[in-house]
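Undergrad: When you get a sec, could you give me coordinates for this:
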Amino acid sequence: MTAFPAPPAAAVQSPPPGPVRRRLPALLTVVGGASVLGVAAVWSTSGVTSGSGTCVFRHLTGLPCPGCGLTRSFVMLAHGDVSAAFGYNLMGPVLFALTAVAVVLAVWVLVTGRDEALSRLQAVVFSKASLVVVAAWFGYGIARMISTGADLGWFPVIT
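TA: Predicted structure coming up:
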């Protein structure tokens, strides 16, 4: 009688993830995104514009980072001041809208149990178009740094 060899380790498949584990990204998206949007909605515009900013990079270098002004932009947008939102960070309204869409899709995934929408969202997030948006955001951030460092005045000064 011949013994059959054990299958190679790569051939052994683990069971598919359970429903909770499959929906964990959606849950984290809802909790994280809704928290960010909720804080922006309850934080007063005067509270966010008074006092010094919270950007560590800005405090250390004196230059704005690509994310400088995002908090203020989100708060302004949540309170309906679109022009001020763009003034604080050009990408703020874009990221705010993407966050809102992600939260809505993630809630839909959790309610309906249909994971395809989250898979599609992940495909968009990791697409070439998203890389272009991220590159534009960093290009914008670098332009702001150059403008501030050389005192060119291309962008509003965010203190």
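
Undergrad: tell me which element Val134 falls in.
TA: helix 128-149 (DSSP states H and E).

Undergrad: Flag every buried residue along the longest helix seen in the chain.
TA: As assigned by DSSP state H, the longest helix anywhere in the chain is helix 19-42. Within helix 19-42, the residues scored as buried using 16 or more other Cβ atoms under 10 Å are Arg23, Pro25, Ala26, Thr29, Val30, Gly33, Val36, Leu37, Ala40. Where you see a C-beta, it was placed from the backbone N, CA and C, and this is true even at glycine.

Undergrad: And the helix or strand just after it, what's buried?
TA: The element immediately downstream of helix 19-42 (helix or strand, assigned by DSSP H and E) is helix 45-49. By 16+ other Cβ under 10 Å, the buried positions in helix 45-49 come out as Val48.

Undergrad: name the helices or strands packed onto helix 45-49?
TA: The contact analysis (3 or more Cβ pairs under 8 Å, 6 or more residues apart in numbering; DSSP states H and E) places helix 45-49 against helix 70-78.

Undergrad: Show me what the helix it packs on is in contact with.
TA: Contacts with helix 70-78, where a contact means Cβ atoms under 8 Å, 6 or more residues apart in numbering, come from 36-37, 40-41, 43-45, 48-49, 53-54, 82, 84-86, 88-89, 91-93, 95-96, 158.

Undergrad: change it to 10 Å
TA: The contact list for helix 70-78, computed with Cβ atoms under 10 Å, 6 or more residues apart in numbering, reads 36-49, 53-55, 67, 69, 81-97, 99-100, 158.

Undergrad: So which elements touch the lowest-mean-pLDDT helix or strand in the chain?
TA: In the chain, no helix or strand scores lower on mean pLDDT, DSSP states H and E than helix 116-125, which sits at a mean of 73. Helix 116-125 is packed against helix 19-42, helix 92-112, with contacts defined by 3 or more Cβ pairs under 10 Å, 6 or more residues apart in numbering; DSSP states H and E.

Undergrad: Now for Trp43: which residues touch it?
TA: Thr71, Arg72, Phe74, Val75, Ala78, His79.

Undergrad: err, Ser50, not the other one
TA: Ser44 are the contacts of Ser50 under Cβ under 10 Å, 6+ apart.

Undergrad: if I look at it, how far off is Phe155?
TA: Separation of Ser50 from Phe155 (Cβ to Cβ, to the nearest Å): 21 Å.

Undergrad: Include pLDDT, neighbour count and distance to Val107 when you put the contacts of Trp43 into a markdown table, please.
TA: Below are the contacts of Trp43 laid out as a markdown table (pLDDT from 0 to 100; neighbours: other Cβ atoms under 10 Å; distance: Cβ to Cβ, whole Å):
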| residue | pLDDT | neighbour count | distance to Val107 |
| --- | --- | --- | --- |
| Thr71 | 90 | 20 | 24 |
| Arg72 | 91 | 23 | 27 |
| Phe74 | 96 | 25 | 19 |
| Val75 | 96 | 26 | 22 |
| Ala78 | 96 | 21 | 18 |
| His79 | 97 | 16 | 23 |
